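Visitor: Sharing a model prediction with you, sequence too.
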Amino acid sequence: MANQHYTLWVKSGCPFCVKAQQELLENIKSHTVHIMDEKTEELAEVQKLWNHLTVPVVVLHEDDHETFIGGYTELKEHLDTKDV
């Protein structure tokens with residue numbers, strides 16, 4: 001099995017960001033959360049990189065490969081279709 005780790009870029013007042021973090025905790029998935037409240041330029045760069053204009057921005061790292069998941073809805077669908 002591949003070494004999996006999720007990275008989330010979030011804002012603290014975002015309910016979908018909280019839900020995304022909760023999904024990863026409930027599914028016992030390794031993850032890192034970057035709170036971008038005061039890092040608007042950095043967040044804009046991440047959003048541009050993945051062509052995703054809202055938060056959260058969720059990326060899956062498997063070994064040496066990165067896969068853009070999307071936001072909360074896409075993360076939920078991704079976790080529901082994976083063998084948890």
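Guide: Cool, got the structure.
Visitor: Tell me, how many residues neighbour residue 41?
Guide: 7 (other Cβ atoms under 10 Å). For the C-beta atoms, the positions are set from N, CA and C on the backbone; glycine is no exception.
Visitor: so who does residue 59 touch?
Guide: Contact analysis of residue 59 by Cβ atoms under 8 Å, 6 or more residues apart in numbering lists 6-8, 50, 66-69.
Visitor: Look at the closest residue to residue 72 other than its chain neighbours and report its pLDDT.
Guide: Sequence neighbours aside, residue 16 is the residue nearest to residue 72 in space, at 4.0 Å (criterion: Cβ to Cβ, 6 or more residues apart in numbering). Listed pLDDT for residue 16 reads 98.
Visitor: Residue 16 contacts residue 55, correct?
Guide: Yes: counting by Cβ atoms under 8 Å, residue 16 touches residue 55, with 7.3 Å between them.
Visitor: what sits in contact with each of those two?
Guide: Shared contacts of residue 16 and residue 55, defined by Cβ under 8 Å, 6+ apart, are found at residue 71.
Visitor: quick one, which of the two is more surrounded?
Guide: Taking other Cβ under 10 Å, residue 16 and residue 55 do not tie; residue 55 has more neighbours (21 against 17).
Visitor: where's residue 61 relative to residue 10, distance?
Guide: Counting by Cβ to Cβ, to the nearest Å, the gap from residue 61 to residue 10 is 17 Å.
Visitor: for this protein, what are the low-confidence residue spans?
Guide: Along the chain, segments meeting pLDDT under 70 span 1-2, 83-84.
Visitor: For the helix or strand hosting residue 76, buried residues please.
Guide: With secondary structure defined by DSSP states H and E, residue 76 is part of helix 72-81. Going by neighbour count (16 or more other Cβ atoms under 10 Å), the buried part of helix 72-81 is 72, 75-76, 78-79.
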